[in-house]
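Enquirer: Next input, structure requested:
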Amino acid sequence: MAGLTKIERPRLGRTAVLAIAALYFLLPLAASFWFTIYTDAEGFSFATYGNILSAEGFTKSLFMSLGLGVVTIVVVLALMLPAMLAVRLGAPKLGQVLEVVCTLPLVVPPITFVAGISTVLRWGPEHLANTPFWQTLIAIQKPNFPIVLVLAYVVLATPYVYRSLDAGLRAIDVRTLVEASRNLGAGWLTVMFRTILPNLRTSIASAAFLTLALVLGEYTIAVLLGFQPFAVWIVTISGANAQLSVAVSLLSLIVTWALLLVVSGVGRKRK
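Expert: Take a look at the predicted model:
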């Protein structure tokens, strides 16, 4: 009986902790959902969710954020993965230097970061007007697809991508895999795409998920630079239609959870 009591107590403790955590996370979501489907004047109605697709600016801002997210993922992986492999294979002593550089964005407040970007963008027209860089400066600030946001998001995503890829690289013997592939006559592109990347599938998926979640939820940089991706549109529409804003936020949260489950599924399948 004493043994059973000792076993039951941890179970009860875990159950209590999980119940408290569920209440902490689910009660605000339930309250938000209730807010979107009930009003004193009309009663219960799911019309708010039906109006999401037809809301002005929804499709444009969502596709802008998704496009920015995809391009950011491609750029940050194209920069980080070769750099981390080169350091791990050719200069292991530089690993700590790379880690410090990649984690620096965590200690720089976004408001400071965007202030520096704004200063550069204001400085450009005064000093680059008679140079070819003037057109480049204009091109990266197009409202339909602001490349300047991609550059900013790459910097913000670097710490999370580094941690994800570093965990994956630590789990495999990169040097042995590369040497074996090279001894069998494989070129560097073959080594990268047929040896390294398949073994880093889970880490790459995690890095891509974290980057996409960051891009979809980032607000400060976008609004201060005057662009309107998805997060900024949600805040803007809240002033005119609070129910619609909350409904879109709930749906985006559900989509984020779904992506997280997909990444977890990829990891379990890999194991």
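Enquirer: residues contacting the residue nearest to the spatial centre of the chain?
Expert: Centroid-nearest residue in the chain: T211, 2.3 Å away (criterion: Cα atoms, centre = their mean). Counting by Cβ atoms under 8 Å, 6 or more residues apart in numbering, T211 makes contact with 69, 72-73, 76, 153, 157, 160-161. Backbone N, C-alpha and C define where each C-beta goes, glycine included.
Enquirer: Can you name every helix or strand that the host helix or strand of A115 contacts?
Expert: Assigning secondary structure by DSSP states H and E places A115 in helix 110-127. Packing partners of helix 110-127 (3 or more Cβ pairs under 8 Å, 6 or more residues apart in numbering; DSSP states H and E): helix 133-139, helix 147-170, helix 220-224.
Enquirer: Show me which parts of it are buried, residue by residue.
Expert: Within helix 110-127, the residues that count as buried by 16 or more other Cβ atoms under 10 Å are 113-114, 117, 124.
Enquirer: Mind exporting the C-alpha coordinates of it to CSV?
Expert: Provided in CSV are the C-alpha atoms of helix 110-127 (Å, rounded to 0.1, in the frame of the first residue of the first chain):
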residue,chain,number,x,y,z
PRO,A,110,14.1,45.3,-31.8
ILE,A,111,13.4,49.0,-31.3
THR,A,112,17.2,49.7,-31.4
PHE,A,113,17.6,47.5,-34.4
VAL,A,114,14.9,49.2,-36.4
ALA,A,115,16.2,52.6,-35.4
GLY,A,116,19.5,51.7,-37.0
ILE,A,117,17.7,50.5,-40.2
SER,A,118,15.7,53.7,-40.4
THR,A,119,18.8,55.8,-40.0
VAL,A,120,20.4,54.0,-42.9
LEU,A,121,17.3,54.3,-45.1
ARG,A,122,17.2,58.0,-44.4
TRP,A,123,20.9,58.4,-45.0
GLY,A,124,20.7,56.7,-48.4
PRO,A,125,18.8,59.3,-50.4
GLU,A,126,21.3,62.0,-49.3
HIS,A,127,24.5,60.2,-50.2
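Enquirer: so that helix versus helix 147-170, what angle?
Expert: Between the axes of helix 110-127 and helix 147-170, defined by axes from the mean of the first three to the mean of the last three Cα atoms, to 10 degrees, the angle is 130 degrees.
Enquirer: what about helix 110-127, average pLDDT?
Expert: Average pLDDT, helix 110-127: 80.
Enquirer: circling back to that earlier point, now render the buried residues of helix 110-127 as JSON lines, adding distance to A41.
Expert: Shown next, in JSON lines, are the buried residues of helix 110-127 (distance: Cβ to Cβ, whole Å):
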{"residue": "F113", "distance to A41": "44"}
{"residue": "V114", "distance to A41": "41"}
{"residue": "I117", "distance to A41": "45"}
{"residue": "G124", "distance to A41": "51"}
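Enquirer: Which stretches in the stretch 151-271 of the chain count as helices?
Expert: Under the criterion DSSP state H, counting those that start in this stretch, the stretch 151-271 of the chain contains helices at 174-183, 188-191, 197-199, 201-217, 220-224, 230-238, 242-270.
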